[in-house]
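S.K.: Fold the following for me, if possible:
(one chain, ligands or ions: 1)
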Amino acid sequence: MKIILASASPRRRELMTLAGIPFEARPVDADETIICCTPPEGAVMMLATRKAQLAAEQFPDDLIIGADTVVAAGKHIYGKPATKEEAFETLSALSGKTHQVFTGVCIYTKSGERNAFCTRTDVSFFPLSEDEIRAYIATGEPMDKAGAYGIQGKGALLVEKINGDYYNVVGLPISQLVRELKSFKAQISLSKE
Ligand SMILES: Cc1cn([C@H]2C[C@H](O)[C@@H](COP(=O)(O)OP(=O)(O)OP(=O)(O)O)O2)c(=O)[nH]c1=O
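M.R.: Numbers count the residues shown, from 1 in each chain. Alright, predicted model coming up:
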């Protein structure tokens, strides 16, 4: 049984490699629309499960990992910005405040085993000036990232402090994932021999 990462995210691939998990990356084209008023924890687990189920159609004999990350602040849920203006609005809303980053992960086999979990990290931003936000957007970094920033890049300069797993913010709570995989019933080897 192979491990399939149902993801196009280069960050998730890097983190799987960092953890020493042997895997193949097979992106899926999932509808990432979140039903209105769904709490972020439920939304990310639902989307992670949707991605895993789609990949399982193509790889019915394998163990699939799907993941989804969103940023939540107050009642708002922020995914990847569609435009630079949306990135500006998102970063303005996060400026000077603490928000939550939720990543949902689903480990799934077509034979019926399923484990979905969600990890939360609190991230506090410094107050940001309009010029600072515009300069950051001009780097191009925000456009493919939930909440319109990447903590692993220049986005690190926006962050005053974090509470929780750093790798969860980058897109995969890798230590929790390794623990969940160990307790998963499927016969998988986590070593790369
Ligand atoms: C907050 C934050 C998010 N991100 C990224 C992680 C995810 O790749 C992305 C959130 O979008 P997702 O929809 O979770 O993932 P994706 O579209 O990149 O990849 P796939 O659906 O194929 O798995 O935002 C960072 O890289 N750094 C950060 O600091």
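
S.K.: name the helices or strands packed onto the longest helix along the chain?
M.R.: Longest helix in the chain by number of residues (criterion: DSSP state H): helix 40-58. If you count contacts as 3 or more CB pairs under 8 Å, 6 or more residues apart in numbering; DSSP states H and E, helix 40-58 packs onto strand 63-73, strand 98-109, strand 114-125. C-beta here means a position set from N, CA and C on the backbone, and glycine is covered the same way.

S.K.: just how off-centre is the first one within its chain?
M.R.: Strand 63-73 sits 4 Å away from the centroid of its parent chain (CA atoms, centre = their mean, to the nearest Å).

S.K.: swap in stretch 54-67?
M.R.: 17 Å.

S.K.: picking that back up, right, and the helices and strands packed on helix 40-58 - which one's nearest the ligand?
M.R.: strand 63-73 (3.9 Å; CB to the nearest ligand atom).

S.K.: Can you give the strand pairings for the closest one, parallel or anti for each?
M.R.: Here strand 63-73 is paired, per DSSP bridges, with strand 3-5 (parallel), strand 76-78 (antiparallel), strand 98-109 (antiparallel).

S.K.: T139 and L157 touch, don't they?
M.R.: No. T139 lies out of contact with L157 (CB atoms under 8 Å); the separation is 10.5 Å.

S.K.: Return the residues of this structure in contact with the ligand.
M.R.: 7-9, 11-12, 27, 32, 51, 67-69, 71, 80, 101, 144-147, 149-152, 155, 169-171 (CB under 6 Å from any ligand atom).

S.K.: which of those residues are buried?
M.R.: Neighbour counting by 16 or more other CB atoms under 10 Å classes 7, 9, 11-12, 51, 67-69, 71, 80, 101, 145-147, 149-152, 155, 169-171 among the residues of the chain next to the ligand as buried.

S.K.: Which of the residues you listed fall within helices?
M.R.: Among those, the members falling in helices (DSSP H) are R11, R12, K51, V169, V170.

S.K.: got any ranges where the protein has weak pLDDT?
M.R.: Applying pLDDT under 70 to the chain picks out residues 185-193.

S.K.: swap the cut-off to 90 and go again
M.R.: Along the chain, segments meeting pLDDT under 90 span 1, 30-38, 109-114, 182-193.

S.K.: Could I get the CA-only coordinates of the host helix or strand of A87 as CSV?
M.R.: Using DSSP states H and E, the element containing A87 is helix 84-94. This file holds the C-alpha atoms of helix 84-94, laid out as CSV (Å, rounded to 0.1, in the frame of the first residue of the first chain):
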residue,chain,number,x,y,z
LYS,A,84,-4.6,41.5,-5.0
GLU,A,85,-7.3,43.7,-3.7
GLU,A,86,-8.7,40.8,-1.7
ALA,A,87,-5.2,40.1,-0.4
PHE,A,88,-5.1,43.7,0.7
GLU,A,89,-8.4,43.5,2.5
THR,A,90,-7.4,40.2,4.2
LEU,A,91,-4.1,41.5,5.4
SER,A,92,-5.7,44.8,6.6
ALA,A,93,-8.2,42.8,8.6
LEU,A,94,-5.4,40.7,10.2
